[in-house]
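Asks: coordinates only, sequence not included:
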């Protein structure tokens, strides 16, 4: 995949991730009292990972040199961590 194509896909993914996190924040209000604390902890961790992901995305957008593969790999790793957090939240409602 070429850089520009990867950057475009990353941009779409980060927008979707941020939208999904906003949706999860709203759902927190509908969680049972026993689940709210755990739900809140997971969301707070996801917010920290979101900030990390945003930093990797900014590096991804601006890097055009030899570091491209390293920056791309860091983005993919951060994105995968974020996806794992979503899965963890999903298990709470199964």
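Replies: Sure thing, it's come through. As the structure is a computational prediction, the values presented were derived from the model and not from experiment.
Asks: For the rest of this, base every contact and every neighbour count on C-alpha atoms.
Replies: OK.
Asks: buried set for stretch 45-58?
Replies: 46, 49-50, 53-54, 56-57 (16 or more other CA atoms under 10 Å).
Asks: Quick one: distance of stretch 4-17 to the chain centre.
Replies: Averaging C-alpha positions (CA atoms, centre = their mean, to the nearest Å) puts stretch 4-17 11 Å from its chain's average.
Asks: And for that stretch, what's in contact with it?
Replies: Stretch 4-17 has contacts (CA atoms under 8 Å, 6 or more residues apart in numbering) with 54, 57, 60-61.
Asks: Check the average confidence over it, would you?
Replies: Across stretch 4-17, pLDDT averages out at 84.
Asks: Could you pull out the buried residues of it?
Replies: Within stretch 4-17, the residues that count as buried by 16+ other CA under 10 Å are 7, 10-11, 14, 17.
Asks: what does stretch 15-27 give?
Replies: The neighbour-count check on stretch 15-27 (16+ other CA under 10 Å) flags 17, 21, 24 as buried.
Asks: Could you list which of the residues you listed belong to helices?
Replies: Within the buried residues of stretch 15-27, membership in helices is found for 17, 21, 24, as judged by DSSP state H.
Asks: Report the contact partners of the second one.
Replies: It refers to residue 21. 43, 46-47.
Asks: List the ones among the residues you listed that fall in helices.
Replies: 43, 46-47.
Asks: Name the helix or strand for the residue nearest the centre of the chain, please.
Replies: Centroid-nearest residue in the chain: residue 82, 3.9 Å away (criterion: CA atoms, centre = their mean). Under DSSP states H and E, the secondary-structure element containing residue 82 is helix 68-92.
Asks: buried residues in that helix?
Replies: So helix 68-92, judged by 16+ other CA under 10 Å, has buried residues 68, 71-72, 74-76, 78-79, 82, 86, 89.
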